[in-house]
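# have a look at this prediction, sequence included:
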Amino acid sequence: MTSPANPAAGPAGTVTTPANRAAGAAGAAPAASVPLTPVFVRLKLSLLRNGLKGSSKRKAAYFSTLAFALVVGFFVTLGLALLHGNAHAGTVVVLLAAILALAWTFMPLFFPTGDETLDPSRLVMLPLRPRPLVRALLASSLVGIGPLFTLCLAVGSVLAVARGAAGAVAAVVAAPLLVLGCVTLARAVATANVRLLTSRKGRDLAILSGLLIAVGGQLVNFGSQRLSQAGGLTTLEPVEAVVRWLPPATAVGMVDSASEGAYGVAAAQLALTLAAVAALLWFWERSLTKLMVTPDGSTVTAARPTKDRGAGGLWSLLPAGRTGATVQRTLRYALRDPKTKASMVTALAIGLIIPVFNALQGTGSVYLGCFGAAMLGMQMYNQFGQDTSAFWMVSQTISSTRDAYVELRARAAALALVTVPYTVLVMVITAAVIGDWSSFPAATGLALALLGSMLCTGALASARFPYSIPSDGAFKNVVPGQAGLAWAGIFAGLLVSAVVSAPVITLTIWLKAAGHQDISWIVLPLGVAWGALAAWAGLRLAAPTVARKLPEILWAVSKG
């Protein structure tokens, strides 16, 4: 991104060139001013154009995305237009407008590197005033694939509900207002969180975007199944009655109200939309002003006195020695390391979504709660790969089989501290939704037995099949050349886990098939005991291998 050399402040929203300043100083005519908005639009176009130079892959990705957006936008617009005259058209388009607004609000937080203009702090050194800068940034924000796709959906939405001359006039106003409201909302939120977007936490959000997609996919699947039933859209009418008064969905609601002849309601919705856009612009300007005059967070942090972060609070409950230190280190890694955090949060979310959503759809079972225990149990695999090259510090403290055993035991204990209460919580929620409390003890016992078996095989896989996790790339978890090693460890571990927990599985199936549901509670203590025994045996078997193969493990996990 280029800027005029040595720019100086001129009238509001203008940039004065050195030549003009010299002419003004010589007593010539006043310096000619350059409007800021066209400059920023040209800069945005230059960013798009220069970003495509020298990379065929980037060109292919951009133009394929553009073509995909145009094709999908065309068919969605056509489909919405065909809803014209349908009794539920207003419900569909108003809720669609609300979903668009939510997407525009949160997507920049999860994909901060997708648009270089999201960071206005790059303009701090330029003598630009906030209000004209907001106008210029807003105009440049309307250039791109996202606004174009949103405009297609806005046009289709107003076509679906516009009827008569009043509806047509309202539609002409509503479509650009919806796009403007979405873009303004996105930029206001992004500017208020720009320090977050450019920090490590912002990169963590980008990695966690996979979780957002997974959860969103489950919600869409669940919603589509409910709406496909008879009278499904009718159940959304109470929600739509509220959402049509929430900007910027009020823009589409205005078209529907004007088409029905409720001109007073339409005027109120128009006023509410304009007021919301004005409030967002004011908030954006205020956030921009604060951003331009506030010192950088790293400078402020460096100037602050360091605080003593001792092992107080809950950490003081951990046992002393190597066990407590390793548990604390493992849990801190899960909270701070982006990929470990993404893996843990994804496992927690998917492990809850699958049993609960199936229960809500009437097709679930309490035993699906075992899925959450299995997802978290897989976090035990490749324990040393999560340390990457820093494993050399851990290896320096392991001088015997006993040290290796304590290290593995502490890592398994850290995972169990999260997984055991989580598994019980998932089982309670699933049983409450289904109403099948009689299966709760057996399902919980089976899940804990499976967890113990996976801690057993995870320790063995960590010792025998370690692999490196690359530090770069949000969705790349294995370095090239080690994918086969990773899959071998995971699949072999899952197969052996099923074999290890087979006695508990067999007992559970037999009790259920034989109709002994009244004594199925015995699976709970047996599952806990079997899981603890399996985990202990796996840690004991893996410890000698870890102590003997420390150089090989360090070499394997340091390739990333």
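Done, it's in.

# show me the chain divided up by domain.
With domains defined by automatic domain parsing, the chain comprises 58-293, 321-557.

# what ranges do the helices span in the stretch 151-300 of the chain?
When assigned using DSSP state H, counting those that start in this stretch, the helices of the stretch 151-300 of the chain occupy the ranges 164-192, 194-197, 200-207, 209-227, 237-243, 249-259, 263-293, 297-303.

# quickly, which of these bottoms out on average pLDDT?
Here the lowest mean pLDDT among the helices of the stretch 151-300 of the chain goes to helix 297-303, at a mean of 49.

# could you point out the helix or strand that follows that helix?
For helix 297-303, the succeeding helix or strand toward the C-terminus, using DSSP states H and E, is helix 322-336.

# the domains of the chain: lowest mean pLDDT?
Ranked on mean pLDDT, the bottom entry among the domains of the chain is domain 58-293, at a mean of 81.

# so how far does that one reach from one end to the other?
Using C-alpha to C-alpha, to the nearest Å, one end of domain 58-293 lies 36 Å from the other.

# residue numbering should commence at 375 henceforth.
Got it, the first residue is 375 from now on, which makes the last one we talked about domain 432-667.

# how about residue 508: what's its closest non-neighbour residue?
Excluding the flanking residues, the one nearest residue 508 by C-beta to C-beta, 6 or more residues apart in numbering is residue 659, at 5.0 Å. To be clear about C-beta, it is placed using only N, CA and C from the backbone, and glycine gets the same treatment.

# near that neighbour, how many other residues are there?
By other C-beta atoms under 10 Å, 18 other residues sit near residue 659.

# residue 928 now?
Other residues within reach of residue 928 by the criterion other C-beta under 10 Å amount to 17.

# do the same with the one 3 residues further on
Residue 931 is flanked by 26 other residues according to other C-beta under 10 Å.

# cool, residue 474 as well?
Residue 474 sits with 23 neighbouring residues when counted by other C-beta under 10 Å.

# so how far is the one helix or strand it maps to from its chain's centroid?
Residue 474 is part of helix 463-484 when elements are defined by DSSP H and E. Here helix 463-484 shows a centroid-to-chain-centroid distance of 16 Å under the convention C-alpha atoms, centre = their mean, to the nearest Å.

# compute the inter-axis angle for the helix or strand just after it and helix 637-667.
In the C-terminal direction, the helix or strand that comes right after helix 463-484 (DSSP H and E) is helix 504-515. Orientation note: helix 504-515 sits at an angle of 110 degrees relative to helix 637-667 (axes from the mean of the first three to the mean of the last three C-alpha atoms, to 10 degrees).

# now do helix 504-515: which elements does it pack against?
Under the contact definition 3 or more C-beta pairs under 8 Å, 6 or more residues apart in numbering; DSSP states H and E, helix 504-515 sits against helix 410-425, helix 538-566, helix 637-667.

# deepest-packed of those, please.
Comparing the helices and strands packed on helix 504-515 by mean neighbour count (mean count of other C-beta atoms under 10 Å), helix 538-566 ranks first with a mean of 21.

# that one to helix 504-515, inter-axis angle?
Computed with the same axes, to 10 degrees, the direction of helix 538-566 lies at 110 degrees from that of helix 504-515.

# packing partners for helix 538-566?
Packing partners of helix 538-566 (3+ C-beta pairs under 8 Å, 6+ apart): helix 463-484, helix 504-515, helix 519-535, helix 623-633, helix 637-667.

# the fourth one packs against which elements?
Under the contact criterion of 3+ C-beta pairs under 8 Å, 6+ apart, the helices and strands touching helix 623-633 comprise helix 463-484, helix 519-535, helix 538-566, helix 637-667.

# try the first one
Helices and strands touching helix 463-484, as assessed by 3+ C-beta pairs under 8 Å, 6+ apart, comprise helix 430-455, helix 519-535, helix 538-566, helix 568-571, helix 574-581, helix 583-601, helix 611-617, helix 623-633.

# quick one: the longest helix seen in the chain to helix 696-710, angle?
The helix spanning the most residues in the chain, taking DSSP state H as the definition, is helix 775-808. The directions of helix 775-808 and helix 696-710 differ by 50 degrees, with the same axes, to 10 degrees as the criterion.

# so how far is helix 775-808 from its chain's centroid?
With C-alpha atoms, centre = their mean as the basis, the mean position of helix 775-808 lies at 24 Å from the chain mean.

# list the helices and strands the very next helix or strand once past that helix packs on?
Secondary structure here is assigned by DSSP H and E; on that basis, the next helix or strand after helix 775-808 toward the C-terminus is helix 814-838. Using 3+ C-beta pairs under 8 Å, 6+ apart as the contact criterion, the neighbours of helix 814-838 among helices and strands are helix 744-751, helix 775-808, helix 857-874, helix 876-887, helix 897-922.

# which parts of the last one are buried?
By neighbour count, with 16 or more other C-beta atoms under 10 Å as the criterion, the buried positions of helix 897-922 are 897-898, 900-902, 904-906, 908-913, 916-917, 919-921.

# ok, back up a step: so which of the helices and strands packed on helix 814-838 is the most packed in?
For the helices and strands packed on helix 814-838, average neighbour numbers computed from mean count of other C-beta under 10 Å are highest in helix 744-751, which has a mean of 24.

# touching that one from outside, list them.
Under the contact criterion C-beta atoms under 8 Å, 6 or more residues apart in numbering, helix 744-751 has outside partners 718, 721-722, 724-726, 728-729, 789, 792-793, 796-797, 800, 817, 820-822, 824-825, 827-829, 832, 871.

# can I get it in PDB, CA atoms only?
Listed in PDB are the C-alpha atoms of helix 744-751, where the atom choice follows Å, rounded to 0.1, in the frame of the first residue of the first chain:
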ATOM      1  CA  CYS A 744     -19.100 -41.800  24.700                       C
ATOM      2  CA  PHE A 745     -18.200 -39.900  21.500                       C
ATOM      3  CA  GLY A 746     -17.100 -36.900  23.600                       C
ATOM      4  CA  ALA A 747     -14.800 -39.100  25.700                       C
ATOM      5  CA  ALA A 748     -13.300 -40.700  22.600                       C
ATOM      6  CA  MET A 749     -12.700 -37.200  21.000                       C
ATOM      7  CA  LEU A 750     -10.800 -36.000  24.100                       C
ATOM      8  CA  GLY A 751      -9.100 -39.400  24.600                       C
END
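
# now that helix and helix 876-887, what's the angle there?
170 degrees.

# hmm, residue 790 and residue 705 touching each other?
No - under the criterion of C-beta atoms under 8 Å, residue 705 is not in contact with residue 790, lying 11.5 Å apart.

# residues in contact with stretch 433-450?
By C-beta under 8 Å, 6+ apart, the list of residues contacting stretch 433-450 from outside reads 425-426, 519, 522-523, 526-527, 530.

# need the residues you listed in CSV with distance to residue 611, can you?
Compiled in CSV, the contacts of stretch 433-450 are given as follows (distance: C-beta to C-beta, whole Å):
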residue, distance to residue 611
425, 45
426, 46
519, 33
522, 31
523, 27
526, 26
527, 21
530, 21
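
# any chance of a PyMOL selection covering the buried ones in those?
Here is the PyMOL selection string for the buried members of the contacts of stretch 433-450, based on 16+ other C-beta under 10 Å:
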select buried, resi 523+526+527+530
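
# just tell me which of the helices and strands packed on helix 463-484 ends up closest to residue 774.
helix 574-581 (36.7 Å; C-beta to C-beta).

# ok, back up a step: kindly export the helix holding residue 474 (C-alpha atoms) in PDB.
In PDB, the C-alpha atoms belonging to helix 463-484 read as follows (Å, rounded to 0.1, in the frame of the first residue of the first chain):
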ATOM      1  CA  ALA A 463     -41.600 -15.000   2.100                       C
ATOM      2  CA  GLY A 464     -41.300 -12.300   4.700                       C
ATOM      3  CA  THR A 465     -40.200 -14.700   7.400                       C
ATOM      4  CA  VAL A 466     -37.500 -16.200   5.200                       C
ATOM      5  CA  VAL A 467     -35.900 -12.900   3.900                       C
ATOM      6  CA  VAL A 468     -36.000 -11.100   7.300                       C
ATOM      7  CA  LEU A 469     -34.200 -14.000   9.000                       C
ATOM      8  CA  LEU A 470     -31.800 -14.200   6.100                       C
ATOM      9  CA  ALA A 471     -31.000 -10.500   6.600                       C
ATOM     10  CA  ALA A 472     -30.300 -11.100  10.300                       C
ATOM     11  CA  ILE A 473     -28.000 -14.100   9.400                       C
ATOM     12  CA  LEU A 474     -26.200 -11.900   6.900                       C
ATOM     13  CA  ALA A 475     -25.600  -9.200   9.600                       C
ATOM     14  CA  LEU A 476     -24.300 -11.800  12.000                       C
ATOM     15  CA  ALA A 477     -21.900 -13.200   9.400                       C
ATOM     16  CA  TRP A 478     -20.600  -9.700   8.600                       C
ATOM     17  CA  THR A 479     -20.200  -9.000  12.300                       C
ATOM     18  CA  PHE A 480     -18.200 -12.100  13.300                       C
ATOM     19  CA  MET A 481     -16.400 -13.300  10.200                       C
ATOM     20  CA  PRO A 482     -13.700 -10.500  10.300                       C
ATOM     21  CA  LEU A 483     -12.900 -11.700  13.800                       C
ATOM     22  CA  PHE A 484     -12.200 -15.200  12.700                       C
END
